[in-house]
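Participant: Need a 3D model of the following:
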Amino acid sequence: MILSLPVRRVVTLVTILAALGSQASIVHAGTLGGIAGIVTDAKTGAPVAGAKVEIQSKSQKVTATTSANGHYVALSLQPDDYTLTVEKDGYATQSFSGYTVQADQTQQYDLKIDPGSPSN
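Facilitator: Numbers count the residues shown, from 1 in each chain. Model prediction:
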């Protein structure tokens, strides 16, 4: 079956756009990583829902919030060393340093926080 000229142009355009779109993902492959984990209560081991996890390096800062199961995730991070700071009402604010992000990997960092008054 022979395509009419306008349909042939549309198919060609869609093919070109798809090829260009796939090139953009190749550029980012291997350049970014991520951090994920579970925040738990240091005394009981229970997951801490709704905790704010600030993930910061010299080059960037992002924030994640833990799910009902205490899970958090931050993707598209530059490879670097990060400090993770956890804040939650009823818990002491705690910082954890020296967590590394590597290109094309999501590192698993589980964090235990102490019940108590938030520190300032």
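
Participant: Where does Ala68 sit: helix, strand or coil?
Facilitator: Classification of Ala68 by DSSP: H, G, I helix; E, B strand; the rest coil places it in coil.

Participant: Show me the beta-bridge partners of the closest residue in space to Gly33 that isn't next to it in sequence.
Facilitator: Leaving aside its sequence neighbours, Gly33 sits nearest to Val101 (C-beta to C-beta, 6 or more residues apart in numbering; 4.2 Å). The way it works is simple: take the backbone N, C-alpha and C, and place the C-beta from them, glycine included. Following DSSP bridges, Val101 is listed with bridge partners Asp80.

Participant: Tell me who's in contact with Val101.
Facilitator: Counting by C-beta atoms under 8 Å, 6 or more residues apart in numbering, Val101 touches 33-35, 57, 77-82, 107.

Participant: and what of Pro47?
Facilitator: 38-41, 66, 68-71.

Participant: Quick check: Val53 touching Ser67?
Facilitator: No - Val53 lies out of contact with Ser67 (C-beta atoms under 8 Å); the separation is 11.2 Å.

Participant: out of those two, which sits in the busier spot?
Facilitator: Val53 (24 against 15; other C-beta atoms under 10 Å).

Participant: Point me to the helix or strand that includes the more buried one.
Facilitator: strand 52-56 (DSSP states H and E).

Participant: okay, now the domains of the chain?
Facilitator: Per automatic domain parsing, the structural domains of the chain span 1-30, 33-113.

Participant: Mean pLDDT lowest where, among those domains?
Facilitator: Note on the domains of the chain: domain 1-30 shows the lowest mean pLDDT, a mean of 55.

Participant: Pull up the gap between the residue lying closest to Ser57 once chain neighbours are set aside and Ala68, please.
Facilitator: Spatial nearest neighbour of Ser57, chain neighbours left out: Asp80 (4.0 Å); criterion: C-beta to C-beta, 6+ apart. Distance of Asp80 to Ala68, given as C-beta to C-beta, to the nearest Å: 30 Å.

Participant: Look at these two and report which has more neighbours.
Facilitator: Neighbour tally, Asp80 and Ala68, criterion other C-beta under 10 Å: the higher count belongs to Asp80, 15 against 8.
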